[in-house]
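Build me a model from this:
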Amino acid sequence: MVKQDQMDFSISHDPKASEKKKSLSVQELIESLKSTADDIGQISELSSEERILVSQFFVSFFKLMQPLAPSIAVSQLSLPTQLSDAVQAHIDPTGHLALLFTDGHLELKDLSEEKNRELMTIVISDILPKFKNLTTLQKRKLENRIKMLSSVTKEIQKSAEALSTSAV
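Residues are numbered from 1 along each chain as shown. Got it, this is the predicted structure:
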């Protein structure tokens, strides 16, 4: 009998309070759905912007990297765990990641593809400092060649001047 009284007590609610709870729940659900729709709209806009930026990045990367190196090594330690059995990784100027695995097979991943965007950001973070080193090295090579050519050219010009004045 005590159980019955407790049940009746727990079942008997103020009908207005119960309606408020239901209407608040429905209202909260509607607000949540509106917020979800806003998020979906923003996801669509952001995805479109990301596609454009990725395309622009790889066009520019190709132009910059092409004269410097055919590829840049990617540290295996920076790769995600599902690629941890890769023994070598390189990115080429077109944005393809070449992975050589312990079993000898080679896998190419197009980093511009949407499914590879997380991997792309990991690889970019790893290679940009290396890319900076490549540009610095290329600049030093050019500076050294210019320095050498400048010195040699001055001496050749002096000899040519001496030869032309003595020939007159």
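
Which helix or strand contains residue 151?
Of the helices and strands defined by DSSP states H and E, residue 151 is found in helix 117-167.

and that helix, what does it pack onto?
Packed against helix 117-167, as judged by 3 or more C-beta pairs under 8 Å, 6 or more residues apart in numbering; DSSP states H and E, are the following elements: helix 15-65, strand 72-73, strand 86-91. Any C-beta I mention is one placed from the backbone N, CA and C, and that applies to glycine too.

These into a markdown table, with extra columns for mean neighbour count, distance to residue 146 and mean pLDDT?
As requested, the helices and strands packed on helix 117-167 are arranged in a markdown table below (neighbours: other C-beta atoms under 10 Å; distance: least, C-beta to C-beta, whole Å; pLDDT from 0 to 100):
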| stretch | mean neighbour count | distance to residue 146 | mean pLDDT |
| --- | --- | --- | --- |
| helix 15-65 | 11 | 21 | 85 |
| strand 72-73 | 17 | 26 | 96 |
| strand 86-91 | 18 | 30 | 96 |
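
between the ones you listed, which one is nearest to residue 139?
When the helices and strands packed on helix 117-167 are ranked by distance to residue 139, counting by C-beta to C-beta, first place goes to helix 15-65 at 12.8 Å.

quick check: angle from the closest one to helix 117-167?
Between the axes of helix 15-65 and helix 117-167, defined by axes from the mean of the first three to the mean of the last three C-alpha atoms, to 10 degrees, the angle is 20 degrees.

Distance from the chain centre to helix 15-65, please.
The gap between the average C-alpha position of helix 15-65 and the chain average comes to 21 Å, counting by C-alpha atoms, centre = their mean, to the nearest Å.

any idea of the angle that helix forms with strand 86-91?
Calculated by the same axes, to 10 degrees, helix 15-65 forms an angle of 80 degrees with strand 86-91.
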